[in-house]
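>>> Provided below are the primary sequence and the corresponding predicted coordinates.
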Amino acid sequence: MTTLLLRSGTLLDVETGECAEADLLCADGRIVETGRGLRAPDGARAVELAGATVLPGLIDAHVHVTAATADLGALTTWSPSYATAHSARIMGGMLDRGFTTVRDASGADFGLADAQAEGLVRGPRLAFCGKALSQTGGHGDSRPRGTRVHDGHQCCAGLGRIADGVDAVRAAARDELRKGAHHIKVMAGGGVASPTDRIDSTQYSMDELRAIVQEAEAANRYVAAHAYTARSASRSLRAGIRSIEHGNLIDESNVDEFLERDAFLVPTLVTYWALKTEGRQFGLPEDSWRKVDEVLGAGLAALEIAHRGGVKIAYGTDLLGGMHRHQNEEFRIRSEVQPPLEVIRSATSTAAELLGMSGEIGTLREGAVADLVVLDGDPLEDIAVLAEPEHITHVVQGGRLV
């Protein structure tokens with residue numbers, strides 16, 4: 001492992017919001033010391049930052065690294081090798097944008113995670129769930145109305161698997177956990193990219209949702225739920241689900257449920273803006289494009305309700321196809337209702353807590369993994385410094401300049 005010394009940076013403590021000029025020493029993939037006037041050990045690489053801002057490496061808690069097209073139904077027809085080649089390119093772009101860890105919300109598997117960990121694929125550390133669990137006709141069922149047969153083979157590159165009934169969802173959850181899933185994803189309500197469901201629908205019975213949660217908890221894992229409406233979010237939270245993905249249509253009634261259960265909200269506002277403006281260009285079917293308006297305008301209002309109520313909010317983007325390049329734009333969108341420090345925490349310390357990695361990532365504490373982003377400006381003064389990737393001058397992952 002290399003030893004790296006960053007000299008004269010402005011280190012942002014995301015927990016306290018305080019900035020201090022200091023050096024930062026990385027060795028064996030960890031932050032080993034911060035302070036003024038640190039000496040570089042023999043053989044260390046030293047980089048002069050001249051006051052540039054240093055943040056923990058960014059964490060995107062809702063991505064789909066295999067979603068190289070917005071036509072998610074088409075993914076199931078792709079060769080696994082072709083999908084992997086696209087995923088490698090997508091993951092490399094995420095790393096260049098400062099994201100050193102991502103949580104994949106369905107699609108990625110143990111093969112991609114292992115390839116990244118072994119250095120075969122350049123990209124962020126990957127927390128994966130395998131395939132999302134969906135009821136027949138749910139958000140993870142990509143069949144059009146005229147198609148009856150569903151091929152859920154492991155080799156297929158789709159995002160979801162269909163399981164109906166308590167016994168079937170238990171078996172599906174156990175199977176994803178068997179393959180190393182860091183969390184289980186369940187489709188608990190309707191969605192934009194699915195061809196046959198309504199956005200305002202609830203999906204899965206309470207018994208099925210509770211069974212999925214029980215299986216995850218038995219393996220010391222948790223469940224994330226795709227849910228837009230107040231009703232689908234409430235059902236998910238009452239079933240014991242830990243994170244609500246999207247939540248564009250939640251309302252004040254959900255706030256106490258989040259707080260009582262210490263649950264997280266993961267908004268993904270940028271994807272609706274991108275789908276509306278570019279979705280059809282990158283393969284989004286016309287019927288799905290028409291659904292976007294149902295959630296586009298409500299997302300900021302839902303974020304404001306959650307922020308005002310003290311809900312834990314993590315950073316997510318959910319981008320598809322050629323729209324992955326907009327990943328950092330989520331910072332700018334959220335800053336319309338949240339102060340910059342809260343937006344930064346959502347992509348660092350709060351996301352780390354959601355992933356069960358507090359103190360390991362999302363922080364500049366000594367002993368943490370040396371994942372860092374260096375910016376040529378102050379994001380507390382102007383969030384555009386994070387929203388525009390050209391302001392990123394260095395990315396460090398596991399103590400290495402990448």
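Okay, I see it.
>>> which residue ranges of the stretch 51-200 of the chain form helices?
For the stretch 51-200 of the chain, the helices defined by DSSP state H, counting those that start in this stretch occupy 72-75, 80-96, 110-117, 166-178.
>>> name the surrounding residues that touch the longest one.
The reference is to helix 80-96. For helix 80-96, the external contacting residues (CB atoms under 8 Å, 6 or more residues apart in numbering) are 60, 63, 65-68, 75, 102, 108, 111-112, 115-116, 121-124, 126, 155-157, 324-325, 327, 389, 392, 395, 397, 402. Where you see a C-beta, it was placed from the backbone N, CA and C, and this is true even at glycine.
>>> and the residue lying farthest from the centre of the chain, what pLDDT?
Within the chain, residue 42 marks the point farthest from the mean C-alpha position, 38.1 Å out by CA atoms, centre = their mean. Note for residue 42: predicted pLDDT of 90.
>>> same thing with residue 87?
We have a pLDDT of 97 for residue 87.
>>> for the one 10 residues further on, same thing?
According to the prediction, residue 97 has pLDDT 98.
>>> for it, which non-adjacent residue is spatially closest?
residue 389 (4.7 Å; CB to CB, 6 or more residues apart in numbering).
>>> list the contacts of the one you found.
Residues in contact with residue 389, defined by CB under 8 Å, 6+ apart, are 96, 97, 98, 328.
>>> filter the residues you listed down to the buried ones.
Buried by 16 or more other CB atoms under 10 Å: 97, 98, 328, out of the contacts of residue 389.
>>> quick one: the second one and residue 328 touch, right?
Yes. Contact between residue 98 and residue 328 holds when scored by CB atoms under 8 Å: they sit 7.4 Å apart.
>>> can you pull the residues that touch both of the two?
Shared contacts of residue 98 and residue 328, counting by CB under 8 Å, 6+ apart, come down to 386, 389.
>>> flag the shaky bits of the stretch 51-200 of the chain, pLDDT-wise.
143-144, 147-157, 193, 196 (pLDDT under 70).
>>> what segments of it are strands?
Assigned by DSSP state E, counting those that start in this stretch, the stretch 51-200 of the chain shows strands spanning 53-56, 58-63, 99-104, 125-127, 132-134, 160-162, 184-187.
>>> same question for the stretch 301-402 of the chain.
Going by DSSP E, counting those that start in this stretch, the stretch 301-402 of the chain shows strands at 312-313, 372-375, 392-397, 400-401.
>>> flag every buried residue along the longest one.
Taking 16+ other CB under 10 Å as the neighbour-count basis, strand 392-397 is seen to contain the buried residues 392, 394, 395, 396, 397.
>>> with those residues in mind, which one is nearest to residue 15?
residue 396 (19.4 Å; CB to CB).
>>> now do the contacts for the closest one.
With contacts defined as CB under 8 Å, 6+ apart, the neighbours of residue 396 are 4, 6, 26, 57, 100, 370, 371, 372, 373, 374, 402.
>>> between those residues, which sits nearest residue 339?
Of all the contacts of residue 396, residue 339 sits closest to residue 373, with 19.2 Å by CB to CB.
>>> that closest one: neighbour count?
Counted with other CB atoms under 10 Å, residues neighbouring residue 373 total 26.
>>> hang on, isn't it packed against residue 49?
No. Assessed by CB under 8 Å, residue 373 is found out of contact with residue 49, at 11.8 Å.
>>> mutual contacts of these two, please.
Common contact partners of residue 373 and residue 49 (CB under 8 Å, 6+ apart): residue 394.
>>> for residue 364, which of the strands of the stretch 51-200 of the chain is the nearest?
In terms of CB to CB, the element of the strands of the stretch 51-200 of the chain nearest to residue 364 is strand 53-56, at 5.7 Å.
>>> packing partners of that closest one?
strand 3-12, strand 372-375 (3 or more CB pairs under 8 Å, 6 or more residues apart in numbering; DSSP states H and E).
>>> which of the strands of the stretch 51-200 of the chain sits closest to residue 303?
Across the strands of the stretch 51-200 of the chain, residue 303 has its closest neighbour in strand 58-63 (13.7 Å, CB to CB).
>>> list the residues that contact the nearest residue to residue 3 once chain neighbours are set aside.
Among residues not flanking residue 3 along the chain, residue 44 sits closest, at 4.0 Å (CB to CB, 6+ apart). Residue 44 makes contact with 2, 3, 4, 5, 25, 27, according to CB under 8 Å, 6+ apart.
>>> mind doing that once more with 7 Å?
3, 4, 5 (CB atoms under 7 Å, 6 or more residues apart in numbering).
>>> with residue 248 instead?
By CB under 7 Å, 6+ apart, the contact set of residue 248 is 228, 295, 298, 299, 302.
>>> how about residue 140?
Counting by CB under 7 Å, 6+ apart, residue 140 touches 132, 133, 134, 159, 160, 161, 162, 187.
>>> pretty sure the second one is touching residue 186, no?
Okay, so that is residue 133. Yes. The pair residue 133 / residue 186 is scored as a contact, 4.8 Å apart, by CB atoms under 7 Å.
>>> overlap in contacts, those two.
Taking CB under 7 Å, 6+ apart as the contact rule, residue 133 and residue 186 both touch residue 212.
>>> show me what residue 58 bridges to in the sheet.
Counting by DSSP bridges, residue 58 is bridged to residue 99.
>>> so what pairs up with residue 63 in the strands?
residue 104.
>>> contact partners for it?
By CB under 7 Å, 6+ apart, residue 63 lies in contact with 102, 104, 105, 317.
>>> how near is the first one to residue 318?
So the one you mean is residue 102. Relative to residue 318, residue 102 is positioned 11 Å away (CB to CB, to the nearest Å).
>>> settle it for me: which of the two has more neighbours?
Just comparing residue 102 and residue 318: by other CB under 10 Å the higher neighbour count belongs to residue 102, 31 against 28.
>>> wait, the more buried one sits on residue 126?
Yes. Residue 102 is within contact range of residue 126, at 6.2 Å (criterion: CB under 7 Å).
>>> adding distance to residue 18, write the strands of the stretch 51-200 of the chain out as TSV.
TSV is the format used below for the strands of the stretch 51-200 of the chain (distance: least, CB to CB, whole Å):
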stretch	distance to residue 18
strand 53-56	13
strand 58-63	19
strand 99-104	22
strand 125-127	27
strand 132-134	39
strand 160-162	43
strand 184-187	36
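>>> fine, thanks again, bye for now.
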